[in-house]
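1. Quick one, what's the 3D model for this:
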Amino acid sequence: MARVNKIAVHCNPHLDEVFGIWLLRRQGAKQYPGATTASIIFWETGGNTPDRRRAAEWEEKEGVLALGIGGGKFDEHGPGDIEPKVGECVASLIATDLGITDDPRLQSLLEYARRVDTTATDSPLALASLIKAMHDAREHTAEFVIEWAIQALDALYQLDQMVAMPTAETCPVLIDTARLLEFDHDHWLKRQLKEAFSDKLNAACGLPRIVQALQGLHDKGTVSNWVRITLQAIKTRQKCFNDAARDFEQAQKKTVTGPKGEVKLVVMKTDNRAASRFARKQGSGITIQQTPRGNIQLFINKSTGVSLVDVARMVRIEEQRRRKRIVTVDFETLGSEGSVPGAECWYYHAEGEMLLNGSLSHRQVEPTKIPIDELVDLVEKGINPHYFDPGFETACRQDVCAASSENPCPLFPYRLPRCHDVRVRERKARAKRW
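-> Now for the predicted structure:
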């Protein structure tokens, strides 16, 4: 095996990639010589390697170990034709590879990282969200954020798990710094800080627990500096969230039909990273955000019961048609998680119900060729399992597919399950008549 001289991640890496770097640095030296001191590089290539060679080849020939990208052994996404590693994240894959999953000091951290990565949910003041806040604040480089997070992971790993959970009285540096930064002046910030001390679900990686762990390893000045940087990023992110109110006022809003009934759909044109979160707080069930560059992201409030799997199929087919490059036609593949050949610019996160044409982590992904208005139309048709094209609806509801080469149905190319069901029932009815 070639000596590891570089570790590659996507831009603004998430907790699981940062945790993976930490695992390789602290416990991967024997299996991956050089990992302890390897430099970090960032690939802005939409989940692929820069030249689209497989990650294994980069590791063998270039000494570059790819985490969360490139389709290698430490990439759970399964880009292109590679099978995704369902239920795993970068950190869990690395821990398994290193044979350290039984380490009791790692188990709660790994459980937290896997849950956050696979469900895309976290508390605002837990480590994964804090990493996002640090990136969103745009006040520090990605390298700085990684080292800042590794400092927290070092402390959490060393912390005796039997130590009582922190309280406001045992974390005075956190309370005092929050007061200096005027957290009391913002109701949301004040409430989140208070709730962080009682958050049992994310207790292992919550901000109070991190501060408690840091206090056991470092002097007061070091801890105070870490806390100040962290709270300032949280405050900056919250300001961004408040600023999203203006974007929401100018957004297109409409009511559409989902599987459970009416759903509020919001279309926002902005590069505000907090826009989708703000829209959800305002009751948006489906938020479509287009950046000035033209990239589009779709976010679902899962309480609506809306699934984007049919939308993902429709968007991927339409993207390929517009690019005049039909590569993926298999029904199951079109609805699979990750990206697919021919429509690589779209990434489907099934568990989190997100369909992403680029993101904060993949800023150089080419904008979609689908105009925003047409994409909204695809979303409306895709999320409603009872929608049929008006010109064919009567026949469809009678279990007759009236589409033909002379009279094509606009929905036929998308091979939607509802259309398939009509044709199946039609064939069964014919078989009975025979």
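2. Quick check: the residue nearest to residue 425 when sequence neighbours are not counted vs residue 427, distance?
-> Distances taken as Cβ to Cβ, 6 or more residues apart in numbering place residue 399 nearest to residue 425, at 4.2 Å, with adjacent residues excluded. C-beta: built from backbone N, CA, C; applies to glycine. Separation of residue 399 from residue 427 (Cβ to Cβ, to the nearest Å): 10 Å.
3. Neighbour count: these two, which is higher?
-> Ranked by neighbour count (other Cβ atoms under 10 Å), residue 399 and residue 427 place residue 399 first, with 15 against 12.
4. Please report phi then psi for that one.
-> The phi/psi pair for residue 399 (degrees, to the nearest 10) reads phi 60, psi 40.
5. Hmm, residue 429 and it touching each other?
-> Yes - with contacts counted by Cβ atoms under 8 Å, residue 399 reaches residue 429, the gap being 6.3 Å.
6. Have a look at the protein and report its longest helix.
-> helix 220-249 (DSSP state H).
7. Any buried residues in it, and which?
-> Residues of helix 220-249 classed as buried: 223-224, 226-227, 229-238, 240-241, 244, 247-248 (neighbour count, 16 or more other Cβ atoms under 10 Å).
8. How about the contacts made by residue 265?
-> 253-256, 284-288, 376, 379-380 (Cβ atoms under 8 Å, 6 or more residues apart in numbering).
9. make it 7 Å
-> Contact analysis of residue 265 by Cβ atoms under 7 Å, 6 or more residues apart in numbering lists 254, 256, 285-286.
10. Leaving aside the residues adjacent along the chain, what's closest to the most centrally placed residue in the chain?
-> The centroid of the chain falls nearest to residue 120 when counting by Cα atoms, centre = their mean (5.8 Å). Nearest residue to residue 120, sequence neighbours excluded (Cβ to Cβ, 6+ apart): residue 352, at 3.1 Å.
11. Same check on residue 28?
-> Nearest one to residue 28, counting by Cβ to Cβ, 6+ apart, is residue 35 at 4.5 Å.
12. Distance check, the one you found against residue 70.
-> Taking Cβ to Cβ, one finds residue 35 at 17 Å from residue 70.
13. Tell me which of the two has more neighbours.
-> residue 70 (30 against 23).
14. What is the neighbour count of residue 126?
-> Residue 126 has 23 nearby residues by other Cβ under 10 Å.
15. contacting residues for it?
-> Contacts for residue 126 (Cβ under 7 Å, 6+ apart) come out as 202, 205-206.
16. Chain neighbours aside, what residue packs nearest to it?
-> Nearest one to residue 126, counting by Cβ to Cβ, 6+ apart, is residue 202 at 3.9 Å.
17. A helix includes residue 8, no?
-> No - the assignment for residue 8, made by DSSP: H, G, I helix; E, B strand; the rest coil, is strand rather than a helix.
18. Tell me what it is bridged to.
-> On the basis of DSSP bridges, residue 8 takes part in beta bridges with residue 41, residue 66.
19. can you tell me which residues contact it?
-> When contacts are counted by Cβ under 7 Å, 6+ apart, residue 8 touches 41, 43, 64-67, 69.
20. how about these, which pair is most distant?
-> 43 and 65 (12.1 Å; Cβ to Cβ).
21. Those two - which one has more neighbours?
-> residue 65 (28 against 21).
22. how close does the more buried one sit to residue 131?
-> As judged by Cβ to Cβ, residue 65 and residue 131 stand 20 Å apart.
23. buried ones in the strand or helix carrying residue 144?
-> Per DSSP states H and E, residue 144 falls inside helix 142-158. Buried residues in helix 142-158, counting neighbours by 16+ other Cβ under 10 Å, are found at 142, 145-146, 148-157.
24. same thing with stretch 371-382?
-> Those would be 375-376, 378-382, for stretch 371-382 by 16+ other Cβ under 10 Å.
25. For it, what is the distance to the chain centroid?
-> 22 Å (Cα atoms, centre = their mean, to the nearest Å).
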